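> return atomic coordinates for the entry below.
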Amino acid sequence: MAGKHYIRTFGCQMNEYDSARIAEVLRQAGAAQAAARPEDADIIVFNTCSVREKAQEKVFADLGRVRHLKRANPALMIAVGGCVASQEGGAIVRRAPFVDVVFGPQTLHRLPELLAERRASGRPQVDVSFPEIEKFDRLPAPRADGPTAFVSIMEGCSKYCTFCVVPYTRGPEVSRSFEDVLAELAALAAQGVREITLLGQNVNAWRGVIDGAAADFAELLRYLSDLDGIERIRYTTSHPREFSQRLIDAHAGIGKLAAQVHLPVQSGSDRVLAAMKRGYTALEYRSIARRLKRARPGLSLSSDFIVGFPGETDADFEATLRLVAEVGFDDAFSFVYSPRPGTPAADFADATPPEVKSARLQALQAALGAQYRSANEAMVGSVQRVLVEGASRRHADERCGRTENNRVVNFGGAAELAGRFAQVRITAARSHSLRGELVHAPD
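As a prediction, this is how the structure comes out:
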């Protein structure tokens, strides 16, 4: 296989990680160059996400935009991967016969073989099976692109929240072995990566064996923190049901572990949480947040919220607003509930008018936005340890990096700072970033 590949990614960090690995698989198979536009590619890959509303329709709309390229060049290969591919399977080919390959998140490593079979047989290929951990055994060695990297430590989800399609598109929870995770981190560190983000649908549900003994996620963090070269560790997304006291203690005792946690709560109403099948109460979530902030003073907590879940009342929504006020979030993602085909909640009765849901979302986002701005403004005047990622997007003569609490900061500095940590004083808070001035570089 030769030529150029074009990959368009939708959705979460897991998909970003998967797209990077798809590029490596194609590169190893001979399609070494990435094309800037689909018009310039020999292989087009859509790596899809099924979390948001009408995700399937958006995929078919995107496919429609490249159909003319297939007509003009029958040798062009078009592949659809990710969660929509896993959910729809062969239905994608039936509706869009010009698609050559459909593959799932667990079979991305088979893409070159599927493409080859498509060319040899003349028939579209569909493989959305769940071969557990085989994907990681078959992937090429990771390639670093800058000083930060994602590392997937587990696949799938076994929580079966009533609103979520992930268990059906990515399969049950399967943890990678400690040895494999350690080897990938070591390879990335050797290429200059200084910060890694551990990924999983429920990353803190990782379980494995370390030195012959059963180990949990907190133990994995302790071992990984000893790795030379890696100076900062993040993880996402965690689940409150798996947030043990051992993990809270890890935040107190592991200096390399970033003082920032993304912990989705979804709702502040116990009645709604039970209907969502989340497995915890609002009080239990508050307890985790309180203990985390006590263990690591200054810790930044972010979250996810769903507004307008079927049956949500005004009282339920007020409970969410109270939780937001009491916990205090530095950042958050919030959405109006949208039913996902095949999930239990899609069949729940939902009598709340759309305009009521929209008003609730606006009220929630106003409260969360005020907390975000307050957290930013509180950083002005402080000196932050910033990992310099490269040039600022808007000004090539400035540097851009991230603070420990995951805020983007732009400041003046030499290009040689890229890939290193620097001490930066925050001078101003902008709507989506911070301004700073270099105090000392590098550490």
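
> checking residue 387 next. Helix, strand or coil?
Three-state call for residue 387 (DSSP: H, G, I helix; E, B strand; the rest coil): strand.

> can you give me the pLDDT of it?
pLDDT, residue 387: 97.

> list the contacts of it.
Under the criterion of CB atoms under 8 Å, 6 or more residues apart in numbering, the neighbours of residue 387 are 147-148, 194-195, 231-232, 401-402, 420-421. To be clear about C-beta, it is placed using only N, CA and C from the backbone, and glycine gets the same treatment.

> contacting residues around the lowest-mean-pLDDT helix or strand in the chain?
Lowest mean confidence among the helices and strands of the chain (mean pLDDT, DSSP states H and E): helix 134-138, at a mean of 74. Where contact means CB under 8 Å, 6+ apart, the residues beyond helix 134-138 that reach it are 105-110, 152, 155, 176, 180.

> same thing but 7 Å
106, 108-109, 176, 180 (CB atoms under 7 Å, 6 or more residues apart in numbering).

> check stretch 389-401 too.
So stretch 389-401 is contacted by 146-148, 386-388, 402, 408-413, 417-418 (CB under 7 Å, 6+ apart).

> which among those residues end up buried?
Judged by neighbour count, with 16 or more other CB atoms under 10 Å as the criterion, the buried members of the contacts of stretch 389-401 are 147-148, 386-388, 402, 408-411, 413, 417-418.

> dump these to CSV, plus distance to residue 357 and secondary structure.
Output for these, formatted as CSV (distance: CB to CB, whole Å; DSSP: H, G, I helix; E, B strand; the rest coil):
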residue, distance to residue 357, secondary structure
147, 41, coil
148, 36, strand
386, 39, strand
387, 39, strand
388, 42, strand
402, 33, strand
408, 31, strand
409, 35, strand
410, 36, strand
411, 41, strand
413, 45, coil
417, 46, helix
418, 44, coil
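
> buried set for the least confident helix or strand of the chain?
Judged by neighbour count (16+ other CB under 10 Å), helix 134-138 contains these buried residues: 135-136.

> and what of stretch 217-229?
Buried residues in stretch 217-229 (16+ other CB under 10 Å): 217-222, 224-225, 227.

> what about residue 167, which helix or strand?
Residue 167 is located in helix 166-170, with elements delineated by DSSP states H and E.

> after that helix, next one along is what?
Scanning the chain past helix 166-170 towards its C-terminal end, the next helix or strand to appear is strand 174-175 (assignment: DSSP H and E).

> name the strands paired with that following strand and say parallel or antiparallel.
On the basis of DSSP bridges, the sheet neighbours of strand 174-175 come out as strand 154-155 (antiparallel).

> run through who's touching the strand it pairs with.
Contacts to strand 154-155, defined as CB under 7 Å, 6+ apart, come from residues 106, 170-171, 173-176, 200, 203, 205-206.

> swap the cut-off to 10 Å and go again
Counting contacts by CB atoms under 10 Å, 6 or more residues apart in numbering, the residues outside strand 154-155 that touch it are 14, 18, 105-106, 130, 132-133, 135-136, 170-176, 181, 198-208, 217.

> not counting sequence-adjacent ones, nearest residue to residue 21?
residue 139 (5.4 Å; CB to CB, 6 or more residues apart in numbering).

> ok, that neighbour - contacts?
Per CB under 10 Å, 6+ apart, neighbours of residue 139: 21-22, 24-25, 28, 108-109, 152, 184.

> swap in 7 Å and give it another go.
With the criterion set at CB under 7 Å, 6+ apart, residue 139 makes contact with 21, 24-25, 109.

> phi, psi of residue 330?
Note on residue 330: backbone dihedrals following degrees, to the nearest 10 are phi -80, psi -20.

> can you pull the contacts of it?
Applying CB under 7 Å, 6+ apart, one finds that residue 330 lies in contact with 300-302, 371-372, 375, 405.
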